[in-house]
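what's the 3D shape of this:
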Amino acid sequence: MSLLASLFGDSAKTRLVRPEDALPGRAEPLPPPALHPVLGTPPLGAAPPGHAEVFLGMGCFWGAERRLYQQPGVWTTAVGYQGGFTPNPTYREVCTGLTGHVETVRVVFDPARTSLDALLRVFWESHDPTQGMRQGNDIGTQYRSCIYWSDAAHEAQIRASAARYGAALAAAGLAALTTELRAAPPFYAAEEYHQQYLHKNPDGYCGLRGTGIACPVGVGVAAL
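Residues are numbered from 1 along each chain as shown. Predicted coordinates for the structure are as follows:
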């Protein structure tokens, strides 16, 4: 349990910190991650020509990253922190709830081999995007659901996907989406030991749990 939770309880971790109350962070980034041990590609840096990028948050980034790098057409992934106020935060700082950051996965993919819609389907079906500042027993603002786009041309497609999945959830009697949708804020790569964590620790924790509702692709709405 974090110091913040022990002092104030879980409710303090589910409220976004105000910018003026956020931890100061640091000017220098953490050491950059090594080559991706599964894909053999650099996790950071510009995407190769013809490739695209999206940032996805669906709870603890360990299981989320593994689910995403297993998808055909994904060129590289990295885990990190986004959406808050603290520059170059550490994991311990993010866990206090005093940075405002969410755990995300940077996904670089080849549109000739997969599509943004295909990756969004994996995103929607791999977590519960109705839970607000939590995923299951993982409680805190760092576990909120989010999609951040780096290409403005992707915004309409992402919003349409969210609308379709929100309609599918409503048809099944589930709650409304709480997923944060916006242009990508700065991405701060997490510590090396978090990168591809479940490849390095096959028996490690994975909290991914979906709703059981299928994500419709294209026109129309369908549920399992």
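
so what's the backbone phi/psi at the spatially most central residue of the chain?
Nearest residue to the geometric centre of the chain (CA atoms, centre = their mean): residue 57, 1.5 Å. For residue 57, the backbone dihedrals are phi -120, psi 120 (criterion: degrees, to the nearest 10).

My understanding was that it contacts residue 82; is that so?
Yes: taking CB atoms under 8 Å as the definition, residue 57 is a contact partner of residue 82 at 7.4 Å. Just so you know, the C-beta spots here come from the backbone N, C-alpha and C atoms, and that holds for glycine as well.

tell me, what's touching these two both at once?
Contact criterion CB atoms under 8 Å, 6 or more residues apart in numbering; residues shared by residue 57 and residue 82: 102, 104, 146, 148.

and the third one, how many neighbours?
Close neighbours of residue 146, defined as other CB atoms under 10 Å, add up to 22.

Give the next helix or strand downstream of the biggest helix by length in the chain.
Longest helix in the chain, counting residues (DSSP state H): helix 155-171. Following helix 155-171 in sequence order, the next helix or strand is strand 180-183 (DSSP states H and E).

what does that next one rub up against?
Residues contacting strand 180-183 (CB under 8 Å, 6+ apart): 57, 83, 102, 144-150, 152, 155, 158-159, 162.

Can you tell me which of those residues are buried?
Neighbour-count burial (16 or more other CB atoms under 10 Å) is assigned, among the contacts of strand 180-183, to 57, 83, 102, 144-149, 158, 162.

May I see these arranged in JSON lines, with distance to residue 204, secondary structure and pLDDT as well?
Output for those, formatted as JSON lines (distance: CB to CB, whole Å; DSSP: H, G, I helix; E, B strand; the rest coil; pLDDT from 0 to 100):
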{"residue": "57", "distance to residue 204": "19", "secondary structure": "strand", "pLDDT": "98"}
{"residue": "83", "distance to residue 204": "24", "secondary structure": "coil", "pLDDT": "98"}
{"residue": "102", "distance to residue 204": "20", "secondary structure": "strand", "pLDDT": "98"}
{"residue": "144", "distance to residue 204": "22", "secondary structure": "coil", "pLDDT": "98"}
{"residue": "145", "distance to residue 204": "22", "secondary structure": "strand", "pLDDT": "98"}
{"residue": "146", "distance to residue 204": "23", "secondary structure": "strand", "pLDDT": "98"}
{"residue": "147", "distance to residue 204": "25", "secondary structure": "strand", "pLDDT": "98"}
{"residue": "148", "distance to residue 204": "25", "secondary structure": "strand", "pLDDT": "99"}
{"residue": "149", "distance to residue 204": "29", "secondary structure": "strand", "pLDDT": "98"}
{"residue": "158", "distance to residue 204": "30", "secondary structure": "helix", "pLDDT": "98"}
{"residue": "162", "distance to residue 204": "30", "secondary structure": "helix", "pLDDT": "98"}
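
Sweet, I'm off.
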